[in-house]
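Undergrad: just coords:
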């Protein structure tokens, strides 16, 4: 699917439509001649390049939420750590740890480098593409955060974000990966349309939706679930983040976000999704994120680590039992 | 927009820091102080404001076409809905949530459509009338929505209210937002640090769940006013989630820090805006 150009008129029939360039709305559009020539209906030339760059990546997983600040980046980073350290199967037989990559397409607020302790590092270019930055031997990261100065903002309108995301997919030397986790910004916007469109043409395992228990977040989760269904991305399940607060002094639990209706489990049941894990609101998680330290190293026996390991197990199982979704081309 | 005296753009680089929550609380605080206040929710993908105010199902009234006009305007939704109070004493609210028939269906719009919707409808079609303050809640980031607002508002009567949580992960994004504001020539009223501390209901120990002090340090470093800290308050979270914001009031406990914090922020904001 090509992008409709920014200067398209309000009732643009779409650049791939049979009426492209020929509808009444097209009169006066600067792109009219290009559309009428059928140029825009040609297949996207970047898709084969993306397929080639990702051909040795076994499972691509999107991490979404509708709502901002629910912990997508935190969950993505910790799931990546859990997957990269998972070394035992269900029968306690030792398995080779997976090769894991994280792609951070939050162009405005790229948090992954800080959380994984590789902030300030640079990605180097070579003949085979930009090298991702390694947070561990078997965990690599690519983010716009590596391309920007510390305070620089990416202020892009829709179409330019599409280009940047494509570059992050095929200009990076991903190598051989078992899992590529893709952290996204909040919402259902240009970045989401671009990444779901691209991945559905090259193959995607599915999406994980992260939420907190708040009704305000669940409103957006339902939208996100419907978005995934509309674009055909399989849903791996829901993660409930910040479920309960555990006091570091008295160890008692309290509810910071009171559940008004059925909470996250209610939505999972209502929309027929797996409830993958529930992660507590533990101040050590935030502290580790800020310091770029691994909670698996610093607090290996915490309930947060147990929750992330649980999530990793569910994700591994889903990938083993389901085939990738690929949109059939006409 | 001609009769709107002051526009407060509530911004953050980071998602989920409490922009919508604080937009509502600041708007209500200004209303309680006797001002005429509007609240515009420009978050097209995740519009939270109507749900927080309990007015999700409200319909927009389209006024008749007047002389010299091509089409009618939109009246904002005035809330509380069932109150007999004069419109001037109510909050004027506008959001895409009033237009979406099914709140579970996502708005999946690309940049140009978002820009034209914001300009054609929210800016040019809504009849705000005379307002002392228009508080504008924005989505996270620095994208089409923010650019269309910068292009539409007079910077001389617009100020940014920056919301952050204390953590470095948030501060990093907020620094980018400050850079955006400066590049765009948008004056910054100040910084608010939200979710600043949680008091355990069992042992009264205050825990800095999302770290501490980041917002104040940022304000100092950037030479910007620090307007205050708002703690994590499950009671406020519950009222927002159930659309009962108007029921927020101080408790009998004198040390009701979220109520006091918000009133302090509103007072400081008023001073800066009129100064």
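TA: Perfect, I can see it now. Owing to the predicted nature of the structure, the values given are computational and were not obtained by experimental measurement.

Undergrad: For chain A, give the residue positioned nearest to chain B.
TA: Proximity of chain A to chain B (Cβ to the nearest Cβ) peaks at residue A:69, 1.1 Å away. C-beta coordinates here come from the backbone N, C-alpha and C atoms, glycine included.

Undergrad: Return the residues in contact with that residue.
TA: Neighbouring residues of residue A:69 by Cβ atoms under 8 Å, 6 or more residues apart in numbering or on different chains: A:186, B:14-17, B:140, B:165.

Undergrad: I'd like the residues you listed laid out as JSON lines, including neighbour count.
TA: Below are the contacts of residue A:69 laid out as JSON lines (neighbours: other Cβ atoms under 10 Å in any protein chain shown):
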{"residue": "A:186", "neighbour count": "30"}
{"residue": "B:14", "neighbour count": "27"}
{"residue": "B:15", "neighbour count": "25"}
{"residue": "B:16", "neighbour count": "26"}
{"residue": "B:17", "neighbour count": "28"}
{"residue": "B:140", "neighbour count": "29"}
{"residue": "B:165", "neighbour count": "26"}
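
Undergrad: and those residues as TSV, adding pLDDT, secondary structure and distance to residue B:156?
TA: Putting these into TSV (pLDDT from 0 to 100; DSSP: H, G, I helix; E, B strand; the rest coil; distance: Cβ to Cβ, whole Å) gives the following:
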residue	pLDDT	secondary structure	distance to residue B:156
A:186	83	coil	31
B:14	85	coil	28
B:15	85	coil	29
B:16	87	coil	31
B:17	90	coil	27
B:140	83	coil	26
B:165	91	coil	31
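
Undergrad: Please identify which of these is nearest to residue B:115.
TA: Nearest to residue B:115 among the contacts of residue A:69: residue B:140, at 17.3 Å, using Cβ to Cβ.

Undergrad: Report whether the expected contact of that closest one with residue A:107 is present.
TA: No. The criterion here is Cβ atoms under 8 Å, and residue B:140 misses it with residue A:107 at 11.5 Å.

Undergrad: Now do the shared contacts for the two.
TA: residue A:185.

Undergrad: Pick out the residue of chain B closest to chain A.
TA: residue B:16 (1.1 Å).

Undergrad: Pretty sure that residue sits against residue B:139.
TA: No. Contact criterion Cβ under 8 Å: residue B:16 and residue B:139 do not qualify, at 11.0 Å.

Undergrad: Return every residue with contacts to both of these two.
TA: With Cβ under 8 Å, 6+ apart as the test, residue B:16 and residue B:139 both reach A:68, A:186.

Undergrad: OK, contacts around the closest residue to residue A:292 other than its chain neighbours?
TA: Leaving out its chain neighbours, the residue that sits closest to residue A:292 by Cβ to Cβ, 6 or more residues apart in numbering or on different chains is residue A:117, at 3.2 Å. When contacts are counted by Cβ under 8 Å, 6+ apart, residue A:117 touches A:135, A:291-294.

Undergrad: Reformat these as a markdown table; add secondary structure, neighbour count and pLDDT.
TA: Shown next, in a markdown table, are the contacts of residue A:117 (DSSP: H, G, I helix; E, B strand; the rest coil; neighbours: other Cβ atoms under 10 Å in any protein chain shown; pLDDT from 0 to 100):
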| residue | secondary structure | neighbour count | pLDDT |
| --- | --- | --- | --- |
| A:135 | strand | 24 | 94 |
| A:291 | helix | 14 | 91 |
| A:292 | coil | 18 | 92 |
| A:293 | coil | 16 | 94 |
| A:294 | coil | 22 | 94 |
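
Undergrad: before we move on, back to that, before we move on, what SS does the residue of chain A closest to chain B have?
TA: When classified by DSSP: H, G, I helix; E, B strand; the rest coil, residue A:69 comes out as coil.

Undergrad: how many other residues sit next to the nearest residue to residue A:252 once chain neighbours are set aside?
TA: Leaving aside its chain neighbours, residue A:252 sits nearest to residue B:202 (4.4 Å; criterion: Cβ to Cβ, 6+ apart). Residue B:202 sits with 13 neighbouring residues when counted by other Cβ atoms under 10 Å in any protein chain shown.

Undergrad: Quick check: residue B:202 touching residue A:246?
TA: No. Using Cβ under 8 Å, residue B:202 makes no contact with residue A:246, being 10.8 Å away.

Undergrad: Need the overlap of contacts for the two.
TA: Shared contacts of residue B:202 and residue A:246, defined by Cβ under 8 Å, 6+ apart, comprise residue A:252.

Undergrad: Quick check: residues of the stretch 151-275 of chain B near chain A?
TA: By the rule Cβ under 8 Å from any Cβ of the partner chain, the part of the stretch 151-275 of chain B lying against chain A is B:165, B:167-169, B:172-173, B:175-180, B:183, B:198, B:200-203, B:205, B:207-211, B:232, B:234, B:237-238, B:240-242.

Undergrad: which residues touch residue A:58?
TA: A:177-179, A:319.

Undergrad: Go again with 7 Å.
TA: If you count contacts by Cβ atoms under 7 Å, 6 or more residues apart in numbering or on different chains, residue A:58 has them with A:177-178.
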